[in-house]
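**Student:** The following block contains a protein sequence and its predicted model.
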Amino acid sequence: MHSHVINEPTDLYSQPYVRVLHLAEKLQVSPKKVLSILINTEIREYNLATKIFHSEIKLVTDELGIGQSIPSVLITRRPPIVSVMGHVDHGKTTLLDSLRNTNVAENEPGLITQHVSSFVVKFEGRDVTFIDTPGHAAFAGIRGRGAKINDITILVVDCCEGVQPQTKEVIRLIKEFRIPSVVALNKIDKDEANIEKTEQELQENGLELMNIPSVQISALRGDNLDILMRLVVTESDGVNLDTDLGGNPFGFILETSKARYLGGLATILPLRGIARLGTIISSGRTLCRIKAILLPSGEKVKEIGPGYPCTIAGWRQGLPNPGLKFISAEKLVDAKRMAKVPANLWVLEKNKRKRQILKKLFLAEKSRSAVQESVEIRGNKNTLCVLLKSDTEGSKEALETILTSTSPEYLKIQVFTSTIGDINLTDVRHAKALKAHILGFNVGIHRDAVSLLTSSAVPYFTHNVVYQIINYVSEQLDKMLPPDYVEERIGMADIISFPSGLDLRVPLECEVTEGNFDENYSFRVISKSGEIKYDGRSQDFELKNGRNFNVRFPFLADYEATDKIECYDLVLRKRKLFWQVNTE
Ligand SMILES: Nc1nc2c(ncn2[C@@H]2O[C@H](COP(=O)(O)OP(=O)(O)OP(=O)(O)O)[C@@H](O)[C@H]2O)c(=O)[nH]1
């Protein structure tokens, strides 16, 4: 029934490699050719069965001249994301409910009751994810920011009322963003339903029913919902639903809620990667180390793949805002590993040195559990755009190589142009339009470019030492990362007395055993076995005589006398830069 749990072997995801032979097949070149390219790199020993990683795959594809794209070894097809839209009372909720009921097993024992408006329908062996978009304004906002949340829209129109203002708004959105759509002509069970008139009105409002599939349904009775599903599945065949299972998890926050025992919850829609228990994600200023994953049915799972909405617990520093993107924060750890690559390797002499660098990078990459590639994060705040200027062909190539082969995953360095000569007016104009940084190696600035450079505040950096340029880039990348927090324990306490009958109004009485307690910090209730029963802010914290205090927590939990209370703070940590360059 719960087929939306990932049910293939787990190591498929945690082993983001491909064997040499398999890669040759994918690329449709002879295995011998691939093998010889790899052997020539001198990175290590290879045979046809060797497992190779993304950095090595890239070497092969580069050498073969088939571009930068990484073969789709870990690419999988996720379920299409469908949202139902339409005018008020035209039957959106009824349709969603009918679709959900065809699928959901209700009252299964052991499930946690929750209200989640997103769910997965299985249709003819395919999973289709429905999300209840929270109103048109938010939807338009999400779209407007260039992000992609739904693949297909079902436009519901009440055939008794015909086209109404919000119907027109949806038509506008569908057309503007070219969203594949299906029209559901609803309430055909009613006598007043006028299908022809509704179709005509849709046509008059610019919806070409010749090109857009439509179906007459009764959301209430469930008539023709199978046809609707088939149309949706057919439409989804034309949509690129490929996603990278090995990538850093990222997706959207759909809604938030709070629950007893679990604290703050957020329903998320992952669009890439596998999110697991323990995965750290961040959204806006909030951070979550995933401590529970619940499917819309309430079933608890350990991991979740792209395209499957789920509710996660473990949020710190409040709850994220619906509509926002979330990203994996694991890269904070990776960034530190990258920083350990010895600095003297950044001296660029071609070929041999380059191989050494790639070898180091490869080793760093191999040590990570998953290879990440920022596939769709382009042209946004995860990309540092640069315009390179160099004095000679040799230094130009060196700079390009260093910047393109070493950008840490998740953050991307995009080199727009790389040319030889002083920084001129055109460069500054381009940089301004592209919001790019100008990096100059051993070059000057044209006189006519100076004034625009200062007045337009285009960031630029020139130097005749390559390390300094790398340092500059490193600093810029660092500024793009979300803050890195570490936990600091403030104090520990024992529970001396607690309310019987789980009465929320009665405070817990506690005694400090270590450090201090202060209501301005976060609190955690930990059971003897280490289970976290509560994590968050306190309520009505009251310091008593000496080392005792009273405290209440907003959520009810089965507190016990053996529980410990921890008081902790999240402190901003100063990060090491990506590339620590040793200038000696
Ligand atoms: N007869 C009939 N009634 C329907 C059908 N679909 C929905 N309704 C009724 O129309 C009314 C509005 O339906 P909803 O599903 O709440 O409409 P909605 O579009 O979700 O409305 P909002 O959430 O307020 O925007 C309800 O009374 C439904 O029972 C249908 O196919 N046939």
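**Tutor:** All right, it came through fine. Residues are numbered from 1 along each chain as shown.

**Student:** Test my guess that residue 223 contacts residue 190.
**Tutor:** No - between residue 223 and residue 190 there is no contact under C-beta atoms under 8 Å: 11.6 Å. The C-beta positions use only the backbone N, C-alpha and C, and glycine is treated the same way.

**Student:** Between those two, which is the more surrounded one?
**Tutor:** Higher neighbour count among residue 223 and residue 190: residue 223, with 17 against 13, using other C-beta atoms under 10 Å.

**Student:** OK, contacts around the more buried one?
**Tutor:** Counting by C-beta atoms under 8 Å, 6 or more residues apart in numbering, residue 223 touches 188, 189, 216, 217.

**Student:** which residues of the stretch 151-300 of the chain score low on pLDDT?
**Tutor:** 246-247 (pLDDT under 70).

**Student:** Same check on the stretch 351-500 of the chain?
**Tutor:** Checking the stretch 351-500 of the chain against pLDDT under 70 turns up 351-381, 405-410, 482-485, 499-500.

**Student:** Toward the C-terminus from the helix or strand that contains residue 38, list the very next helix or strand.
**Tutor:** Using DSSP states H and E, residue 38 maps to helix 31-41. Heading C-terminal from helix 31-41, the first helix or strand you meet, by DSSP H and E, is strand 51-52.

**Student:** Summarise which helices and strands that following strand is packed against.
**Tutor:** Counting contacts by 3 or more C-beta pairs under 8 Å, 6 or more residues apart in numbering; DSSP states H and E, strand 51-52 is packed against strand 18-19.

**Student:** Please parse this protein into its domains.
**Tutor:** According to automatic domain parsing, the chain comprises the domains 17-70, 79-240, 355-479, 484-573.

**Student:** As a markdown table, the ones you listed with distance to the ligand would be great.
**Tutor:** Output for these, formatted as a markdown table (distance: least, C-beta to the nearest ligand atom, whole Å):
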| stretch | distance to the ligand |
| --- | --- |
| domain 17-70 | 42 |
| domain 79-240 | 3 |
| domain 355-479 | 31 |
| domain 484-573 | 30 |
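
**Student:** who's in contact with the nearest residue to residue 425 once chain neighbours are set aside?
**Tutor:** Computed as C-beta to C-beta, 6 or more residues apart in numbering, the closest residue to residue 425 that is not its neighbour in sequence is residue 449, at 4.7 Å. Counting by C-beta under 8 Å, 6+ apart, residue 449 makes contact with 422, 423, 424, 425, 427, 428.

**Student:** Is there a neighbour count for the closest residue to the ligand within the stretch 301-450 of the chain? I'd like the number.
**Tutor:** Minimum separation of the stretch 301-450 of the chain from the ligand (C-beta to the nearest ligand atom) falls at residue 322, amounting to 16.8 Å. By the other C-beta under 10 Å criterion, the neighbourhood of residue 322 contains 17 residues.

**Student:** my guess is it is in a strand, correct?
**Tutor:** No - using DSSP: H, G, I helix; E, B strand; the rest coil, the assignment for residue 322 is coil, not a strand.

**Student:** coming back round to it: scan the contacts of residue 449 and report the most crowded one.
**Tutor:** Neighbour-wise, those (other C-beta under 10 Å) top out at residue 427, 27 neighbours.

**Student:** From the rest of the structure, what touches the helix or strand hosting that one?
**Tutor:** According to DSSP H and E, residue 427 maps onto helix 425-434. Helix 425-434 has contacts (C-beta under 8 Å, 6+ apart) with 385, 387, 389, 416-417, 419, 436-438, 446, 448-449, 452-453, 456, 458, 460.

**Student:** Residue 413 is in contact with residue 473, isn't it?
**Tutor:** Yes - under the criterion of C-beta under 8 Å, residue 413 makes contact with residue 473 at 6.9 Å.

**Student:** Settle it for me: which of the two has more neighbours?
**Tutor:** In this view residue 413 and residue 473 are compared by other C-beta under 10 Å, and residue 473 has more residues nearby, 24 against 19.

**Student:** Surely the more buried one is within a helix?
**Tutor:** Yes - counting by three-state DSSP, one finds residue 473 located in a helix.

**Student:** Now the buried members of the contacts of helix 425-434.
**Tutor:** Buried members of those, counted by 16 or more other C-beta atoms under 10 Å: 385, 387, 389, 436, 437, 438, 446, 449, 453, 458, 460.

**Student:** is it true that the last one touches residue 438?
**Tutor:** By that I understand residue 460. Yes - with contact defined as C-beta under 8 Å, residue 460 counts as touching residue 438 (3.9 Å).

**Student:** Give me the common contacts of these two.
**Tutor:** Common neighbours of residue 460 and residue 438 (criterion: C-beta under 8 Å, 6+ apart): 423, 431, 453.

**Student:** Leaving out sequence neighbours, find the closest residue to the last one.
**Tutor:** With C-beta to C-beta, 6+ apart as the measure, residue 428 is the residue that lies nearest to residue 453, at 5.2 Å, once sequence neighbours are left out.

**Student:** Look up how far residue 434 lies from that neighbour.
**Tutor:** Separation of residue 428 from residue 434 (C-beta to C-beta, to the nearest Å) stands at 11 Å.

**Student:** on that earlier part again, check which residues of the helix holding residue 427 are buried.
**Tutor:** Buried residues in helix 425-434 (16+ other C-beta under 10 Å): 427, 428, 430, 431, 432, 434.

**Student:** helices or strands up against the helix or strand that contains residue 288?
**Tutor:** Using DSSP H and E, residue 288 maps to strand 286-294. The contact analysis (3+ C-beta pairs under 8 Å, 6+ apart) places strand 286-294 against strand 275-276, strand 280-283, strand 300-301, strand 310-316.

**Student:** And residue 127, which helix or strand is it part of?
**Tutor:** strand 126-131.

**Student:** Which neighbouring elements make contact with that strand?
**Tutor:** Short answer (3+ C-beta pairs under 8 Å, 6+ apart): strand 126-131 packs on strand 81-86, helix 92-101, strand 119-123, helix 225-237.

**Student:** Packed most tightly, which of these would that be?
**Tutor:** Sort the helices and strands packed on strand 126-131 by mean neighbour count, taking mean count of other C-beta atoms under 10 Å, and strand 81-86 sits at the top with a mean of 24.

**Student:** Just list what it packs against, helices and strands only.
**Tutor:** Looks like strand 81-86 contacts helix 92-101, strand 126-131, helix 135-144, strand 152-158, helix 165-176 (3+ C-beta pairs under 8 Å, 6+ apart).

**Student:** now that strand against helix 92-101, angle please.
**Tutor:** 150 degrees (axes from the mean of the first three to the mean of the last three C-alpha atoms, to 10 degrees).
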